[in-house]
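K.L.:
Here is my input, please return the structure:
(one chain, ligands or ions: 1)
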Amino acid sequence: MNISDNLTNILVGLPKNITLIAVSKTQSENDILNVYNAGHKIFGENKIQEMTKKWENLPKDIQWHMIGHVQTNKVKYMAKYVYLIHGVDNMKLINVINKQGGIHGRIIKCLLQVNISNESNKYGLNKSKLFEILEHLKNNDSIYKNIKIIGLMGMASFTNDDKLIKAQFKFLQDLFLKIKKINSNFTTLSMGMSNDYLIAINNGSNMIRIGTKIFGKRN
Ligand SMILES: *Cc1c(COP(=O)(O)O)cnc(C)c1O
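P.N.:
This next block holds a predicted model:
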């Protein structure tokens with residue numbers, strides 16, 4: 001199987017409302033172009049320098065998603081082009097993204113990352129911090145003009161226990177739906193990777209991030 005067959009195999013079974021992010025971290029520009037030439041233009045990276053180099057070298061109609069942990073001092077490198085930042089989990093980072101959005105005349109779209117696996121992921125907000133941040137942004141919306149929080153992102157535990165994965169995704173879906181009721185900006189629930197995206201979709205995901213199942217094993 002080649003890369004574009006892998007892509008097709010995922011896309012044929014995918015409901016139309018679900019956005020597929022081809023996670024291209026560590027993959028070559030050539031392999032990314034294979035996917036691009038098969039018609040797919042949405043890619044995800046987890047390192048800002050690597051993503052920026054690829055953005056510079058590859059076609060400009062690619063949507064670049066930052067799916068990894070973001071250091072505040074590196075936001076400036078992606079602020080002019082990044083399409084969506086998935087891993088936002090603190091106010092310091094929100095302030096820097098808002099400032100960089102202003103510098104570049106953009107409204108930068110972001111997701112708040114929620115820690116749904118507790119033990120296995122050190123990043124992400126707990127429920128009370130999440131609501132604290134949303135409340136703060138709402139009460140200061142005249143300041144936060146250059147950042148737009150459009151939903152939530154989460155990563156399930158790395159396990160074969162499908163029941164546990166389902167419970168974690170369900171937890172995030174419940175949070176998402178609750179916020180969506182009172183926040184019209186909330187459109188996007190990013191959850192699901194190569195091994196668990198079908199469970200994620202069954203629990204309300206509308207954005208999946210798939211690397212290995214498209215590109216094969218990472219080096
Ligand atoms: C690497 C990565 C993925 C893709 O993982 P695969 O198992 O290769 O599909 C998805 N989301 C995040 C945040 C990642 O870092």
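K.L.:
buried set for stretch 115-126?
P.N.:
Residues N115, I116, S117, N121, G124, L125 are the ones in stretch 115-126 that count as buried (16 or more other Cβ atoms under 10 Å). Where you see a C-beta, it was placed from the backbone N, CA and C, and this is true even at glycine.
K.L.:
can you list contacts of stretch 201-208?
P.N.:
Where contact means Cβ atoms under 8 Å, 6 or more residues apart in numbering, the residues beyond stretch 201-208 that reach it are 14-15, 17-21, 151, 166, 169-170, 172-173, 176-177, 187-193, 197, 200.
K.L.:
gap between the residue nearest in space to the middle of the chain and the ligand?
P.N.:
In the chain, the centroid-proximal residue (Cα atoms, centre = their mean) is H86; its distance is 3.5 Å. H86 sits 7 Å away from the ligand when distances are taken as Cβ to the nearest ligand atom, to the nearest Å.
K.L.:
Could you look up the SS state of that residue?
P.N.:
Remark: H86 carries the secondary structure label strand [criterion: DSSP: H, G, I helix; E, B strand; the rest coil].
K.L.:
Looking at the buried residues of stretch 115-126, point me to the pair that's furthest apart.
P.N.:
Put simply, by Cβ to Cβ the two of the buried residues of stretch 115-126 set farthest apart are S117 and L125, 12.8 Å from each other.
K.L.:
can you pull the buried residues of the helix ranked longest in the chain?
P.N.:
Looking across the chain with DSSP state H, the single longest helix is helix 162-182. Within helix 162-182, the residues that qualify as buried by neighbour count (16+ other Cβ under 10 Å) are I165, K166, Q168, F169, F171, L172, Q173, L175, F176, I179, K180.
K.L.:
and what of stretch 83-98?
P.N.:
Taking 16+ other Cβ under 10 Å as the basis for neighbour counts, the residues of stretch 83-98 that come out buried are 83-90, 93-94, 96-98.
K.L.:
How about stretch 151-162?
P.N.:
By neighbour count, and taking 16+ other Cβ under 10 Å as the criterion, the buried residues in stretch 151-162 are G151, L152, M153, G154, M155, A156, S157.
K.L.:
Between the two ends of it, what distance do you get?
P.N.:
The distance separating the two terminal residues of stretch 151-162, taken as Cα to Cα, to the nearest Å, comes to 24 Å.
K.L.:
For that stretch, what is the distance to the chain centroid?
P.N.:
When C-alpha coordinates are averaged (Cα atoms, centre = their mean, to the nearest Å), stretch 151-162 and its chain have centres 13 Å apart.
K.L.:
ok, now which ones touch the closest residue to K180 other than its chain neighbours?
P.N.:
In this structure, K180 finds its nearest non-sequential neighbour in F186, 4.1 Å apart by Cβ to Cβ, 6 or more residues apart in numbering. Contacts of F186 were listed using Cβ under 8 Å, 6+ apart, and they are I149, I150, G151, L152, F176, I179, K180.
K.L.:
right, and K47 touches H69 too?
P.N.:
No: the pair K47 / H69 is not scored as a contact, 9.4 Å apart, by Cβ atoms under 8 Å.
K.L.:
and of the buried residues of stretch 151-162, the nearest to H40?
P.N.:
Using Cβ to Cβ, M153 is the member of the buried residues of stretch 151-162 that lies nearest H40, at 20.2 Å.
K.L.:
Quickly note the distance from that closest one to N17.
P.N.:
According to Cβ to Cβ, to the nearest Å, M153 stands 17 Å off from N17.
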